[in-house]
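Chemist: Predicted structure and sequence below. I'll ask about it afterward.
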Amino acid sequence: MSEYWKFGLVALIAIAAWTTIRALLSFYFHQVGLRDQRLAHLNRHQELLRFRLQALERLVLLVERMRPEGLVHRLGGEAQSAAQQVAIMVQLRAEMEHNLAQQIYVSKHTWQRITQARDEVLGMVQQAGVQTPLDAPAVAFSRQLLVLQQQQGSQAIDSALEALRNELHSLMHA
C-alpha cells in the first residue's frame with residue numbers, strides 16, 4: 001500500500017469519526033435542549049396551576065362569604081340600625097372588587113356565575129332594605145334578609161360554587 005493511500009484512508013476514517021462524533025454531540029445537545037424546554041414548560045405549568053388553585057380557593061371563600069346567613073352573622077353586631085346594616089353589607093361589592101383579578105384564572109362561565117351570585121345577594125340586600133324601616137333595629141333588617149333568602153333560595157350561590165368545583169375538577173384531571 002502506498003503512503004498516499006494510507007494517508008487517504010486515515011483521513012477518510014478521521015473525517016468519518018469527526019462526522020459521527022459531531023452528529024452524536026449535536027443529537028445529545030438537541031436532546032438536552034428539549035429536556036430543558038420540557039422542564040421549563042412543566043415548571044411554568046406547575047406555577048400556573050398553583051396560581052389557579054389559589055384563585056379558586058379565594059373565590060370559594062368569596063362566594064361563601066356572600067351567603068346572607070353568613071353576612072348577617074358576620075356583620076350583625078356592627079350596626080345599630082337597618083340603614084347602617086345596608087351600608088355595611090354593600091361591603092360585598094368591595095370584596096368582589098378586591099377579587100376582580102382572580103377572574104383571569106377561571107373560565108368566563110365560572111366568573112359569570114360568581115357575578116350572578118353577587119347580584120342575587122345584593123338584590124336581596126336591597127329588597128330587605130326597602131322592606132325594613134330605616135329606623136328599625138339591625139336585627140329587623142337581618143330577619144328580613146334571612147326571610148328573603150329562605151323564600152328565594154340561593155341558587156346563584158350554589159351555581160357559582162358548583163362552577164368552581166367543576167373548574168377544580170377539570171384542573172385536577174387535565
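Modeler: In hand now; what should we look at?

Chemist: What does residue 137 show for phi and psi?
Modeler: Here is the backbone geometry of residue 137 (degrees, to the nearest 10): phi -70, psi 160.

Chemist: Tell me which helix or strand the residue nearest the centre of the chain sits in.
Modeler: Centroid-nearest residue in the chain, with Cα atoms, centre = their mean: residue 55, separated by 3.2 Å. According to DSSP states H and E, residue 55 maps onto helix 3-66.

Chemist: returning to what we had before: which pLDDT does the model give the residue nearest to the centre of the chain?
Modeler: Reported pLDDT at residue 55 in the predicted model: 95.

Chemist: what's the answer for residue 149, then?
Modeler: For residue 149, the pLDDT comes out at 91.

Chemist: lowest-confidence helix or strand of the protein?
Modeler: Across the helices and strands of the chain, mean confidence by mean pLDDT, DSSP states H and E is lowest for helix 82-89: a mean of 66.

Chemist: follow-up on the earlier one: return the distance of the residue nearest to the centre of the chain relative to residue 116.
Modeler: From residue 55 across to residue 116, the span is 18 Å (Cβ to Cβ, to the nearest Å). For the C-beta atoms, the positions are set from N, CA and C on the backbone; glycine is no exception.

Chemist: do the same with residue 30
Modeler: 51 Å.

Chemist: out of these two, which sits in the more crowded spot?
Modeler: Taking other Cβ atoms under 10 Å, residue 30 and residue 116 do not tie; residue 116 has more neighbours (16 against 10).

Chemist: Would you enumerate the residues in contact with that one?
Modeler: Residues near residue 116 by Cβ atoms under 8 Å, 6 or more residues apart in numbering: 156, 159, 160.

Chemist: likewise residue 55?
Modeler: 102, 104, 105, 106.

Chemist: cool, and residue 67?
Modeler: 121, 149, 154, 157.

Chemist: Output those residues in CSV, with neighbour count appended to each entry.
Modeler: Converted to CSV, the contacts of residue 67 look like this (neighbours: other Cβ atoms under 10 Å):
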residue, neighbour count
121, 24
149, 20
154, 20
157, 22
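
Chemist: State the pair within the residues you listed that is farthest apart.
Modeler: Longest distance between any two of the contacts of residue 67 is 9.5 Å, between 149 and 157; criterion Cβ to Cβ.
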